[in-house]
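# Here is my input, please return the structure:
(2 chains)
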Amino acid sequence: MHTKHGIAVSPGVAIGPAFVLGVEDFRIPHRSVSGDAVDAEIVRFRCALENVCREIGDNEKLASEQLGTQYGAIFAAHQEMVRDPKLQGEVEALIRDRHYSPEFALSRVLGQYAKVLLNLGDMYKADRAIDLYDLEKRLLRHLLGERREELSNLTAPVIVLARDLTPSETASLPKRFVLGFATEVGGYTSHTAILAGALEIPAVVAVGDIVTDVSGGETVILDGINGRIIVDPDEDTILEYRDSEKRARSVAERLVSQRSLKSETADHSRIWLMGNIEFPEEAEHCKELGADGIGLYRTEFLYLESSREQSEEEHCEAYRQVVSAFPEQPVVIRTLDLGADKVPSQMPQLYPLGANPELGLRSIRLSLNDLERFKTQLRAILRVASLGDVRIMFPLISSLIELRQAKSTLHDVMEDLEEQGVPFNRDIQVGMMVEVPSVPLLAEDFAREVDFFSIGTNDLIQYTLAVDRSNPAVAKYYNSADPAILRMIQMVAAAGEKHDVPVTVCGQMSSDPKYIPLLVGLGIRQLSATPHVIPQLKEVVRHLTIPQAEAIAAHAVKLELARDVETYLRGELNKLCPDLAK
Amino acid sequence: MTLETTSHREVTVNLESGLHMVPCSRIAEHVRDFAGTVCIMVEDRSVDAKSIFDLLTLRAPLGTVLTIEAVGPNSDDLVQGLAALFERNFEPE
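The predicted model follows:
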């Protein structure tokens, strides 16, 4: 048994066999071929044999030169296996007579050989099993080439371990078979992590070397609550986890059953709990979980998931789908927040990253730099805004001039729509994200020019504490509970109250139940969170009174260290809702 | 036209670890281009010397006496060559 630590990005516990992605694991996609493809398949098989033979020849040369001829001889033996006329004859017979695919035929024949050899007794035991496996791997790699099948071919539940997963890989994980996943790299707020939360798959990222340490098939416990992976756990550990898994599930079921209850404090103050979403499909799910609307609709997927630029109509369709799930409740659409960790693969040339991409041309700066693309999105949002309570939000505003430029572009678009006689909503609420420390410092100035604020804690923490949120080496410096962050939220809340500008907190902080009493106590009445935690947040809200929350906030802001704040808040949560405390 | 002949020869396995993968591969390599057939027999079993997978099933530890049988053109030369391979313990010449 050994344990690896990483960053917990999506809660839950999963126990199952490891499936290592990105290393040598080949699944055979098709067991049979059609009759008229037989000749072509045989040619394909022979090509693979030839290529592998050449490849092994290179290995032999290298091994002989660098390690000695006795090592080279091993490869020479492998080469002899590839040239074995019996192997070729039997595989081709299976392809020709039984219409097996070369991959399947090969693994059948090699499987039989391995069995025969294994039954012979001790003499060959040490070498051949490994050698045959190696040979099979080589041949399959050549046969499958780029068509290597991985996640899409899973047939049983597994825990996926990978060097990294791209957002689209994460999004396409077959939920039925993926109990959880862990990656070697990544951060708390990486795109992949956010998606894992959205998909409700327990996940741990930044665990360091794992793909090379685990071969696949071992039992793994993925602890998405504490950010741990336990490989080959002992019986006691498994029992312990099974137990807590069961408890967590019963709590979750109870909470979901309360979804129709209103989100208000015990003393009847309304707290709006909205969902952060990535894909339009998630809107329905948010509704099922009892969300009061969508507080953050990220729109990057329109660029990240497609191989080409999306049209205005496609934007409209993606927005309309969400509005139809929440026709009467707020749907806050954030304009494109691309750049830095979110670069569309089809247009890297547009994103000169520079040495400090997080401080470079990203987010609203990118939009203002490419007005045509920006306007396409604005037109779509304005048009859909006539169908419901759609609001528009600009990300990463750092100065008044940027905000004014964004707003004036919006007005230009309104003029265009007006001229063209296209229906839209002129009275759309316009807000901004609070993510750069310059904004809390000048919150009153900004408050005069927007309809609402939404504090994006992920970036605010990154920029305030100077921590690259995707770098595991400095992850420990990234802390939502830092007194500086609390102070910033306080400043924005105060400015909002003074100028009657509502303040929402989105970002990972508002998805963590222990921060809810603090945020409410600081005056926040709107929260937008990862959908699956909404039932938990509601549970906290319903156990809380405003004076209680204010007392908690008053105490928390006096503490000097992030660690103390966190411990204190965890303790308070434990008093309020022992079920939810971790 | 070369005449088809049949040749026999007995050889002894002098390898500490028996006739394992590497020597088997040397045998297969040696006979690969032979135009006829080559069998290696021990007791009642016989394997095709051109197939390393077949050879591996021989189960021939140190001291095993094997019979080589070659049928084809110049079978004598082939058998001589194979016997020499056994005699120098599969070391390169």
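# any residue of the longest helix belonging to chain B up close to chain A?
Longest helix in chain B by number of residues (criterion: DSSP state H): helix B:75-87. No: judged by CB under 8 Å from any CB of the partner chain, helix B:75-87 and chain A are separated, with a smallest distance of 13.4 Å. Where C-beta positions appear, they are placed from N, C-alpha and C, glycine not excepted.
# List of residues touching that helix?
B:4-9, B:11-14, B:26-27, B:30-31, B:34, B:36, B:38, B:49, B:68, B:70, B:72 (CB atoms under 8 Å, 6 or more residues apart in numbering or on different chains).
# Mind giving me the PyMOL select for the residues you listed, buried ones only?
To isolate the buried subset of these in PyMOL, counting by 16 or more other CB atoms under 10 Å in any protein chain shown, use the following:
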select buried, chain B and resi 5+7+9+11+13+26+27+30+31+34+36+38+49+68+70+72
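# So which of the contacts of helix B:75-87 sit within helices?
B:26-27, B:30-31.
# on that earlier part again, near chain A, which of the contacts of helix B:75-87 show up?
Near chain A, by the rule CB under 8 Å from any CB, you find residue B:26 out of those.
# Which ones among the contacts of helix B:75-87 lie within strands?
B:4-9, B:11-12, B:38, B:68, B:70, B:72 (DSSP state E).
# And the furthest pair within those?
B:4 and B:12 (27.7 Å; CB to CB).
# Now do the strands for the stretch 351-500 of chain A: every range, in order, please.
Ranges of strands within the stretch 351-500 of chain A are A:390-394, A:429-434, A:452-456, based on DSSP state E, counting those that start in this stretch.
# Return the longest one as PDB; C-alpha atoms alone will do.
Think strand A:429-434. The C-alpha trace of strand A:429-434 is given here as PDB (Å, rounded to 0.1, in the frame of the first residue of the first chain):
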ATOM      1  CA  GLN A 429     -27.800  44.100 -16.800                       C
ATOM      2  CA  VAL A 430     -24.100  44.600 -17.300                       C
ATOM      3  CA  GLY A 431     -21.700  43.400 -14.700                       C
ATOM      4  CA  MET A 432     -18.000  42.600 -14.200                       C
ATOM      5  CA  MET A 433     -15.900  40.000 -12.500                       C
ATOM      6  CA  VAL A 434     -13.700  41.100  -9.600                       C
END
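# what's the nearest residue to residue B:64 if we skip its chain neighbours?
Here the nearest residue to residue B:64 in space, its sequence neighbours aside, is residue B:13; by CB to CB, 6 or more residues apart in numbering or on different chains that works out to 4.5 Å.
# How much space separates that neighbour from residue B:65?
As judged by CB to CB, to the nearest Å, residue B:13 and residue B:65 stand 8 Å apart.
# Tell me what angle the longest helix of chain B forms with strand B:4-12.
10 degrees (axes from the mean of the first three to the mean of the last three CA atoms, to 10 degrees).
# Can you give the distance from helix B:75-87 to the centre of its chain?
8 Å (CA atoms, centre = their mean, to the nearest Å).
# quick check: mean pLDDT across that helix?
On average, the pLDDT along helix B:75-87 is 92.
# And for stretch A:139-149?
Mean predicted confidence for stretch A:139-149 is 62.
# quick revisit: mind putting the strands of the stretch 351-500 of chain A in a markdown table, distance to residue A:81 and mean pLDDT included?
Listed next are the strands of the stretch 351-500 of chain A as a markdown table, based on distance: least, CB to CB, whole Å; pLDDT from 0 to 100:
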| stretch | distance to residue A:81 | mean pLDDT |
| --- | --- | --- |
| strand A:390-394 | 63 | 98 |
| strand A:429-434 | 61 | 98 |
| strand A:452-456 | 58 | 97 |
